[in-house]
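> the following block contains a protein sequence and its predicted model.
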Amino acid sequence: MGAVRSEQILKILELTDSLNLHRESILIPLSTEGEGSVTILDDQRVRIVVSSNKPFELWLAELRSQLVKMNLPTTHD
């Protein structure tokens with residue numbers, strides 16, 4: 001298990017911004033875990049856990065696909 005760096009958080013937020021997801025709806029734990037994960041919490045926030053097993057840029061590309069497939073509400077909805 002590693003730590004998520006501030007520049008990685010910024011890249012994740014840039015990605016979620018590009019998908020028009022409200023920043024207050026994003027939760028990014030500061031530790032990495034396995035393959036990483038994306039889940040919707042009971043309060044409708046999106047919990048994004050960074051992978052400790054994959055290179056960050058590869059995981060980030062996969063994250064984009066996961067978020068698009070989830071069809072999450074955007075700031076314009």
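Looks like it arrived, so ask away.

> count the neighbours of Ser52 for me.
When neighbours are counted by other CB atoms under 10 Å, Ser52 registers 16. All C-beta spots, glycine's among them, are computed from the backbone N, C-alpha and C.

> confidence score at it?
Predicted confidence (pLDDT) for Ser52: 97.

> closest to the centroid, which residue in this protein?
Taking CA atoms, centre = their mean, the centroid of the chain lies closest to Ile48, which sits 3.8 Å from it.

> I'd like to know which elements the host helix or strand of it is packed against.
Following DSSP states H and E, one finds Ile48 within strand 46-49. In terms of contacts (3 or more CB pairs under 8 Å, 6 or more residues apart in numbering; DSSP states H and E), strand 46-49 is packed against helix 6-18, strand 26-27, strand 37-40, helix 56-70.

> mind listing residues that contact stretch 28-47?
1-4, 9, 12, 16, 21, 24-27, 48-54, 59, 63, 66-67, 70, 72-73 (CB atoms under 8 Å, 6 or more residues apart in numbering).

> go again using 10 Å as the cut-off
Taking contacts as CB atoms under 10 Å, 6 or more residues apart in numbering, the residues outside stretch 28-47 that touch it are 1-6, 8-9, 12-13, 16, 21-22, 24-27, 48-54, 56, 59-60, 62-63, 66-67, 69-70, 72-73.
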